[in-house]
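# Here is my input; please provide its structure:
(one chain, ligands or ions: 2)
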Amino acid sequence: MSALISPSILSADFTNLERDLGKIATADWAHVDVMDNHFVPNLTIGLPVVERIRQVSPIPIDVHLMIEDPDRWAPGFAEVGAQSVTFHAEAAAAPVRLARELRRLGARAGMAIKPATPIEPFIDLLPELDMLLIMTVEPGFGGQSFIEGTLPKIERTRKAISEANLDVWLQVDGGVSRSTIDMAAEAGANVFVAGSAVYGASDIPAEIAALREMAQKHTH
Ligand code: DX5
Ligand code: ZN
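Ligands and ions are numbered 1, 2, ... in the order given. Have a look, this model is predicted:
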């Protein structure tokens with residue numbers, strides 16, 4: 001399995017998004033955090049800005065929706081061409097219907113769970129998904145520290161994916177850096193979101209390469 005790096009533009013300069021997307025052109029995905037001030041206590045960008053990001057991004061975009069009522073709003077992000085759209089399980093009324101709708105619109109369908117949300121109720125839904133995102137911080141802000149207590153859940157999720165012979169990507173988001181990426185990869189993650197670690201680096205392409213290499217070394 002190859003390790004994929006998805007830098008979060010939450011740590012980019014929001015007045016220079018095109019320039020800052022260019023800085024992560026060697027990454028696999030660009031992670032775009034959409035927050036609505038209701039599901040999380042922070043507000044970022046909405047559909048019109050994401051649509052422009054999609055048009056100018058040198059790499060595919062991975063939209064992480066931290067919003068209420070994704071059943072209503074998530075399909076719009078697939079409609080503007082986002083290559084991957086992830087909604088939160090805690091907010092979705094009909095996750096299977098929504099995942100199917102995202103796939104029908106041509107996007108990869110992702111579902112996210114917060115640190116305290118167990119994976120077990122969702123194990124049987126895994127075939128409906130292209131990616132499961134396990135939050136490794138409480139969603140809402142960049143720059144927080146990685147919650148190691150999520151590692152057993154990452155392990156159990158990877159085991160469930162392998163046992164069912166599925167090709168579901170397992171993403172981690174929050175506090176991922178050179179000091180934590182090995183643990184996350186070891187536990188079974190294969191897609192790594194990193195905001196402050198990437199945009200805070202003096203040499204961004206070198207940081208992306210270093211993270212990818214470390215992750216790859218610890219990926220099974
Ligand atoms: C947090 C966001 C993350 C955030 C990660 O709620 O979902 O994508 O940008 O930032 P770092 O890597 O700084 O923890
Ligand atoms: Zn995110």
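# any idea how far residue 196 is from ligand 2?
With distances taken as C-beta to the ion, to the nearest Å, residue 196 is found 12 Å from ligand 2. (Each C-beta comes from the backbone N, C-alpha and C, glycine too.)
# ok, now which ones touch that residue?
By C-beta atoms under 8 Å, 6 or more residues apart in numbering, residue 196 lies in contact with 11, 142, 143, 177.
# redo that, cut-off 10 Å
Taking C-beta atoms under 10 Å, 6 or more residues apart in numbering, we find residue 196 in contact with 7, 8, 10, 11, 141, 142, 143, 144, 175, 176, 177.
# Which members of the residues you listed are classed as buried?
When these are checked for burial by 16 or more other C-beta atoms under 10 Å, the buried set is 7, 8, 10, 11, 141, 142, 175, 176, 177.
# The last one reaches residue 193, doesn't it?
No. Checked against C-beta atoms under 10 Å, the pair residue 177 and residue 193 is beyond contact range at 11.1 Å.
# quick one: residue 143 from ligand 2, how far?
Going from residue 143 to ligand 2 by C-beta to the ion gives 12 Å.
# cool, residue 83 as well?
According to C-beta to the ion, residue 83 and ligand 2 sit 15 Å apart.
# near ligand 1, which residues of this protein show up?
Residues of the chain lying close to ligand 1 by C-beta under 6 Å from any ligand atom are 8, 10-11, 31, 33, 64, 137, 139-144, 173-176, 193-197.
# Could you give the bridge partners of the residue in the chain that ligand 2 sits nearest to?
Across the chain, no residue is closer to ligand 2 than residue 64, which sits at 3.7 Å (C-beta to the ion). Residue 64 forms beta bridges with residue 33, residue 86, as assigned by DSSP bridges.
# ok, it touching residue 39?
No. Assessed by C-beta under 10 Å, residue 64 is found out of contact with residue 39, at 11.1 Å.
# hang on, residue 134 packs against residue 176?
No. When contacts are counted by C-beta under 10 Å, residue 134 is not listed as touching residue 176 (11.3 Å).
# okay, and the common contacts of these two?
Taking C-beta under 10 Å, 6+ apart as the contact rule, residue 134 and residue 176 both touch 184, 189.
# what's the overlap in contacts for residue 64 and residue 39?
Shared contacts of residue 64 and residue 39 (C-beta under 10 Å, 6+ apart): 87, 88, 139.
# what residues does the protein put near ligand 2?
Neighbours of ligand 2 within the chain, by C-beta under 5 Å from the ion: 33, 64, 173.
# so which of the contacts of residue 196 comes closest to residue 189?
residue 176 (8.7 Å; C-beta to C-beta).
# Please name the nearest non-neighbouring residue to that closest one.
Spatially, and ignoring its direct neighbours in sequence, residue 176 is nearest to residue 194 (4.4 Å; C-beta to C-beta, 6 or more residues apart in numbering).
# for that neighbour, what are its contacts?
Residue 194 sits in contact with 5-8, 11, 27, 31, 142, 172-178, 180-181, 200-201, 207-208, 211, 215, where contact means C-beta under 10 Å, 6+ apart.
# any idea how far it lies from residue 9?
According to C-beta to C-beta, to the nearest Å, residue 194 stands 11 Å off from residue 9.
# what residues do those two have in common as contacts?
Common contacts of residue 194 and residue 9, defined by C-beta under 10 Å, 6+ apart, comprise 31, 142.
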